[in-house]
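>>> Show me the folded form of this:
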Amino acid sequence: MGLLAACCCPVCFDTSSLIVNEDWCHLIRTSWHRKSTMERAIASVKRLLLRMVDLFILYLRDFTGYERYFGISADRAVYLPFKANVWDFVGDPLKTIERRPYVLTAGRSHRDLKTFIEAMQLVTYPGILLHQDREILVEHGTRVHLEGLPANVKPVQHDGRRENWVEFIRNARVVAIPTLLTITAAGVSVYLDAMALKKCVILSDNPASRGILKDEAIIIPPQDPLSARRGRTMNFASGLHPQG
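Down below sits the predicted model:
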């Protein structure tokens, strides 16, 4: 009898170690040539064990990264659409409370906070960096940059309440989801929540959008702060008031 693996969470395979750094050419933290003998042995065993699985259910359509690093080919994987987690709290999606909307970045998996901060330094719009505990961010492959923020970016630690989460998105004009280079569907739950609340979404190119989104979001190259303020992005942000 075969095995079925429902790999619904991006960190199921500990893919936080499979992010490419700024040079786009080396794997960080667990580069194969930097692994200890024990780490290489464990990685090889994981790959062998995964060969026993007949079908992987994933929240993405671009399986190339999983095939490269884990030997999971497209003939053993199927795409399962994700869903927004906020439907019970949406109410009127066009309702807003804040008088001065902002650019919001949020989420925890493989986030590129450095690029968000650099992009916000190029504009005068107010921004909110909604984050969880540092340990949680690191566990999910996010490089933590919370110091030396520009004056127009306010860091807010999220308390975990779903209602509170919805209000942060509801009052934003733009939801930006910059991610590192990754093989996972990083950002999928955040952009679906933002879309449920009728927000403009700016998303780094990664498997969360490839083959899934077309014109539903503004897709930009990863780790490129200039792209976050070019073209159509500025049209959506033009309704924001300068900070100060």
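>>> Tell me the helix or strand right after the longest helix along the chain.
If you go by DSSP state H, the chain has its longest helix at helix 37-50. The helix or strand immediately downstream of helix 37-50 is strand 53-58, counting by DSSP states H and E.
>>> Okay, now the unreliable bits of the protein?
Within the chain, the stretches with pLDDT under 70 are 1-36, 39-40, 43, 93-94, 96-99, 228-244.
>>> Could you rerun that using 80?
For the chain, the stretches flagged by pLDDT under 80 are 1-44, 46-47, 69, 90-100, 145, 226-244.
>>> how much space between the residue nearest the centre of it and residue 95?
Residue closest to the average C-alpha location in the chain (Cα atoms, centre = their mean): residue 187, at 2.9 Å. According to Cβ to Cβ, to the nearest Å, residue 187 stands 24 Å off from residue 95. (Glycine included, C-beta is placed from N, CA and C.)
>>> I'd like to know which elements the longest helix of the chain is packed against.
Helices and strands touching helix 37-50, as assessed by 3 or more Cβ pairs under 8 Å, 6 or more residues apart in numbering; DSSP states H and E, comprise helix 64-70.
>>> For the helix it packs on, what is the distance to the chain centroid?
Its chain's C-alpha centre lies 19 Å from the corresponding centre of helix 64-70 when counted by Cα atoms, centre = their mean, to the nearest Å.
>>> which parts of it are buried?
65, 66, 67, 69, 70 (16 or more other Cβ atoms under 10 Å).
>>> which helices and strands does the helix or strand hosting residue 202 pack with?
Element membership for residue 202, per DSSP H and E: strand 200-204. Contacts defined by 3+ Cβ pairs under 8 Å, 6+ apart place strand 200-204 against strand 172-177, helix 188-196, strand 218-220.
>>> Same list (those) but as JSON lines, adding mean neighbour count.
Shown next, in JSON lines, are the helices and strands packed on strand 200-204 (neighbours: other Cβ atoms under 10 Å):
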{"stretch": "strand 172-177", "mean neighbour count": "25"}
{"stretch": "helix 188-196", "mean neighbour count": "23"}
{"stretch": "strand 218-220", "mean neighbour count": "21"}
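>>> for the ones you listed, which one sits closest to residue 74?
Comparison of the helices and strands packed on strand 200-204 against residue 74 by Cβ to Cβ identifies helix 188-196 as nearest, at 18.9 Å.
>>> how about that closest one as PDB, C-alpha atoms only?
Coordinates of each C-alpha in helix 188-196 appear next as PDB, following Å, rounded to 0.1, in the frame of the first residue of the first chain:
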ATOM      1  CA  VAL A 188      -0.300  32.600   0.200                       C
ATOM      2  CA  SER A 189      -2.500  32.900   3.300                       C
ATOM      3  CA  VAL A 190      -1.800  36.600   3.800                       C
ATOM      4  CA  TYR A 191      -2.500  37.500   0.100                       C
ATOM      5  CA  LEU A 192      -5.800  35.600   0.200                       C
ATOM      6  CA  ASP A 193      -6.800  37.300   3.400                       C
ATOM      7  CA  ALA A 194      -5.900  40.700   1.900                       C
ATOM      8  CA  MET A 195      -7.900  39.900  -1.300                       C
ATOM      9  CA  ALA A 196     -10.900  38.800   0.700                       C
END
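>>> what is the orientation angle of it with strand 172-177?
Calculated by axes from the mean of the first three to the mean of the last three Cα atoms, to 10 degrees, helix 188-196 forms an angle of 160 degrees with strand 172-177.
>>> any idea how far helix 188-196 is from the chain center?
11 Å.
>>> angle of it against strand 200-204?
160 degrees.
>>> State the phi and psi torsions of residue 127.
Main-chain torsions, residue 127, degrees, to the nearest 10: phi -140, psi 150.
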